[in-house]
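A.B. asks: coords please:
(chains A and B)
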Amino acid sequence: MPNEFSVLGKSLPRKDALEKVTGEVKFVADMQLPRMLHAKFLRSPYAHAMITKIDTSRAEALRGVKCVLTHENTPNVHPLGKFEYLLDHRVHHAGEEVAAVAAETEDIAKEALKLIDVKYEVEPAVFDAEEAMKPDAPLVHREYGTNMYYGTEHGHAASPSPRWRKDGWLPLQVGDVDKGFAEADYIVEGVYESPIQCNCSPIPRSVVCQWAGDNLTCWADTQIPQWVSKDLAKCLGIPRSSIRVICNWPVGGYGSKQPEKIATLTAIMAKKTGRPVKAVFTREEEFVATHHRPNYKGYEKIGVKKDGTITAMSHRVIGNFGRDFVWGPEVMSASAAATCGTLYMYQNMKFEGAAVMTNIPDAGAMNGLGDPEMGFIVERVMDEAAEAIGMDPVEFRLKNCARYGSRSISRRDVLGLSPDELELRPDWINWGIVGPDFDSLQECIKRVRDKSEWKKKWKGWRTPVEVNGTKRRGIGIAIGMHMSAYRPYSAIVKTNQDGSVIVMSMAAEIGQGIRTAMAQVVAETLGINYEDVEVLLADTAATPEGWGVIASGGTSSAIPAAWHAAQEVRRQVFNIAVGRLGVKPDELEAKDGRIYVKDDPPQSISFREACLRGYQITGAYVNPNPDDLRDEKTGKTINTYACVATIAEVEVDTETGKLDVLRITSAHDCGRAINPQIVENQIDMGLVQSNGYARAEELIIDKDTGVVLNPDLLDYKLMTILDMPKMDDMQEIVVERPSAWGAFGSKGFSETGATSGAPAIANAVYNAIGVRVRGEHITPAAILEALGE
Amino acid sequence: MAVSISLVVNGEAHKVDVEPWWSLAYVLREKLGLTGTKIMCNNGACGSCTVLLNGQPVSSCLKLAVLAEGQNITTIEGLADTETGKLRPLQEAFIKYSGMQCGTCTAGMILTAKALLDENPTPTEDDVREALAGNLCRCGNYKRIVQCVLAAAEATRGGV
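C.D. replies: Residues are numbered from 1 along each chain as shown, chains lettered A, B, ... in the order given. Below is the predicted model:
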């Protein structure tokens, strides 16, 4: 689209670029404070055990040790809705915290861990989700009485679910699947799996805590500062006003940056010692003691007619959420709402999902929350369905994919967070629609089809693109979607007398570029230079309320709040200009650092002069409740989503199973690209991570002991630059279909990229080798196994 | 027992007392305050902590500090001109083309690329990919990083 803007839509240099190329950027792990102590954690070697005795006397006697915490001297509180206590007398997975030490140096703290004597009474443990669902399975948390989440508040603090069935299944249904299957010409049925994927944050979890009297400052590497603040307040029994959580430079976390538990332990040690304490996880701890994407097992069934109509689809999905399913309701409901409940238009759908606890490390949020897990399953099923009727898989998706007006549901409505409504109408489900912007899914499909030259390359079912000895080339498509969450969020924009502007928001810059994008939106709104806007982020004592950067809500929620706050500033600036220029506010426009009379441009005052006269102009804004988003035509609730289509081309060596991804074409709708370069970078993030998801990233957990066997980056394989296609063969297509709610039509889209890469590769591999891989990985071993080698 | 060693970092000589088991990465960060060197994996798998040792890229988490005694070390903080603060073409290119996202791998990427460009001022895309094969970027910014390195090579050739 033509760019009528001065600042918006331009690939301006990132606000954080200079400090990142000079090494000046400071992460929490880089902090040093005078008299700072270093914390280390002792972890359980057993997956399930009772601590019968713990003796810390030798550790405490070591010179330089200042504090040792165990369950015996730590308050019995549950961090962030978890079952286990901060430090528990029982351990529930190998790697759970047993004790914490603060010492003068890291070396001393490590040494002290070895001097703590712990006696364990090992108890039966369970690692597989389906095993854990059996009536006689060992209970991960016996006080809960079952390993399956059933909707109580013991789950994530934010999401008790009145809709969850008491037998442990989350239901979601539309139409009549039995009737739908009866109408089908073909039925495809199967069991599909998607794997655990570790977030692998580049810098392991880190916090620094320091007290001044009764006030705590916690520098936390987190994407959700107010959750850290909330949890510290709860666990320490102090008001949130006494706690300042600062996360000015969190590192990419892709959903994992939730350091509540170590923040609390570190704060307690800082209080006890009267000194600042720093805790930084090791890489191994990052694998075993943070959370990862859960693995899913899906019992899937789809009915299709010869003309390509999907008559019904059913999903019975089991997610392994590990030690504590705090994230279970969130992830499972996201899968139900988006990939199962919205992505395709079929009229008969039945979803049942179980969030199951086992004695492995926690599962939780990772890039795409629920949709990559489910998408890897559903998009392989769709491919099989298209094959059953002999239809081109691109055409099949074009025919059935969601579009403006097709039924949709939000994650929140799946959980049924409104008990009052539910009491009145227990069967009521708030099915809304996707808005006009969602027509872009078809556009995405068409554009990847054309750009990848699908029509030329696709030779039909069971025919590879090319065969060259043992090497076979294949092509495959997948589509995907993810929430682009619009929720309450606040922002403050204030001017300085020199005409520069500061924006304050709870959103954290985790590499996604929000500091840059927010500055561009505010500069554009005020008609001033990008360089004159600075953004202060994620400080619970200084920035207004917001829920951090999750659910692609940075662009969808935080930036709209800043945009509206800037509009309020502009309104006040215009009022000042009116006094000088003698016209009405609606006759003015803000551009190039000046306030002009639209029809008489020589008449103007500078933005700076208005700021000087205004002393300090401040605009504040809180987004309204998302329920207010209604479709103008139908009056129905609009659910806010972003979509993607991806085509992958692969080469498989049938002799070795070696898989090369030759080319990826991926089209994403971001509403409007605030900074096109950053948009493409975020697309690439999803594509690279979803390549790893399908092809390489495999967390190996010992089946007998529950111990993670590869907690390091040598043995847990991330994609390298050589695993990815060359520059010209990574084709990002940016689609701009303005959203109804975002700043200048923009919307959050960054997590959508993680959803369709893996299934596109899986489908391309099928096209190449003619055998389906329905399991967790498309690794050389899995390919050879499928080929019967 | 701690030993006293001298390290020449970014042209400046330092006397440091180190334990024999301390890595160069640890000493640079904790003893000299040069936290631009980031530690991601701490076992030589990711390249984030890359520094130049006599011009050659090494993973400083795998290098014992005592073994770097007397050698010339360049960290990311020493890349820009120390007198004028003028950035190197690689740094300029990473800014211009958004070569970073979260910023953890950036220093290692730039220093590894510098060693490449010092040796081969006219690299092909394949040369750049080969050189950066040991540097992981969890944010998946590989394509952009290659673009940055090629642009920096071109700018250097053009005498910019």
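
A.B. asks: chain B contacts on the stretch 501-650 of chain A?
C.D. replies: Within the stretch 501-650 of chain A, the positions lying close to chain B (C-beta under 8 Å from any C-beta of the partner chain) are A:510-513. The way it works is simple: take the backbone N, C-alpha and C, and place the C-beta from them, glycine included.

A.B. asks: swap the cut-off to 7 Å and go again
C.D. replies: Taking C-beta under 7 Å from any C-beta of the partner chain as the measure of proximity, the stretch 501-650 of chain A contacts chain B at A:510-511.

A.B. asks: all helices of the stretch 501-650 of chain A, in order?
C.D. replies: Using DSSP state H, counting those that start in this stretch, the helices found in the stretch 501-650 of chain A span residues A:514-526, A:553, A:559-581, A:607-614.

A.B. asks: least confident of those helices, on average?
C.D. replies: Ranked by mean pLDDT, the helices of the stretch 501-650 of chain A end with helix A:553 in last place, scoring a mean of 90.

A.B. asks: closest point of the stretch 301-450 of chain A to chain B, which residue?
C.D. replies: residue A:367 (10.0 Å; C-beta to the nearest C-beta).

A.B. asks: follow-up on the earlier one: deepest of the helices of the stretch 501-650 of chain A, which one?
C.D. replies: Neighbour counts averaged per stretch over those are highest for helix A:514-526, at a mean of 27; criterion: mean count of other C-beta atoms under 10 Å in any protein chain shown.

A.B. asks: only alpha carbons, please: show that one as CSV.
C.D. replies: What follows is helix A:514-526, C-alpha atoms only, in CSV (Å, rounded to 0.1, in the frame of the first residue of the first chain):
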residue,chain,number,x,y,z
ILE,A,514,8.4,-3.1,20.6
ARG,A,515,10.5,-0.2,21.8
THR,A,516,11.1,0.8,18.2
ALA,A,517,7.5,0.1,17.0
MET,A,518,5.9,2.0,19.9
ALA,A,519,8.2,5.0,19.2
GLN,A,520,7.3,5.0,15.5
VAL,A,521,3.6,5.0,16.2
VAL,A,522,3.8,7.8,18.8
ALA,A,523,6.1,9.9,16.5
GLU,A,524,3.7,9.4,13.6
THR,A,525,0.7,10.4,15.7
LEU,A,526,2.4,13.6,17.0
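
A.B. asks: gap between it and the chain center?
C.D. replies: 23 Å (C-alpha atoms, centre = their mean, to the nearest Å).

A.B. asks: that helix - contacts with which helices or strands?
C.D. replies: strand A:501-505, strand A:533-537, helix A:559-581 (3 or more C-beta pairs under 7 Å, 6 or more residues apart in numbering or on different chains; DSSP states H and E).

A.B. asks: which of the ones you listed sits closest to residue A:391?
C.D. replies: helix A:559-581 (40.1 Å; C-beta to C-beta).

A.B. asks: what about the residue nearest to residue B:102 when sequence neighbours are not counted, distance to residue A:31?
C.D. replies: Spatially, and ignoring its direct neighbours in sequence, residue B:102 is nearest to residue A:511 (3.0 Å; C-beta to C-beta, 6 or more residues apart in numbering or on different chains). According to C-beta to C-beta, to the nearest Å, residue A:511 and residue A:31 sit 19 Å apart.

A.B. asks: these two: which has the busier surroundings?
C.D. replies: residue A:511 (28 against 18; other C-beta atoms under 10 Å in any protein chain shown).

A.B. asks: so that one sits against residue A:252, correct?
C.D. replies: Yes: counting by C-beta atoms under 7 Å, residue A:511 touches residue A:252, with 4.3 Å between them.

A.B. asks: what do these two both touch?
C.D. replies: Taking C-beta atoms under 7 Å, 6 or more residues apart in numbering or on different chains as the contact criterion, the common neighbours of residue A:511 and residue A:252 are B:101-102, B:139.

A.B. asks: just give me the closest of these to chain A.
C.D. replies: Out of those, the member with the shortest distance to chain A (by C-beta to the nearest C-beta) is residue B:102, at 3.0 Å.

A.B. asks: anything in the helix of greatest length in chain B near chain A?
C.D. replies: Looking across chain B with DSSP state H, the single longest helix is helix B:142-157. Yes: residues of helix B:142-157 contacting chain A under C-beta under 7 Å from any C-beta: B:142-144, B:146-147.
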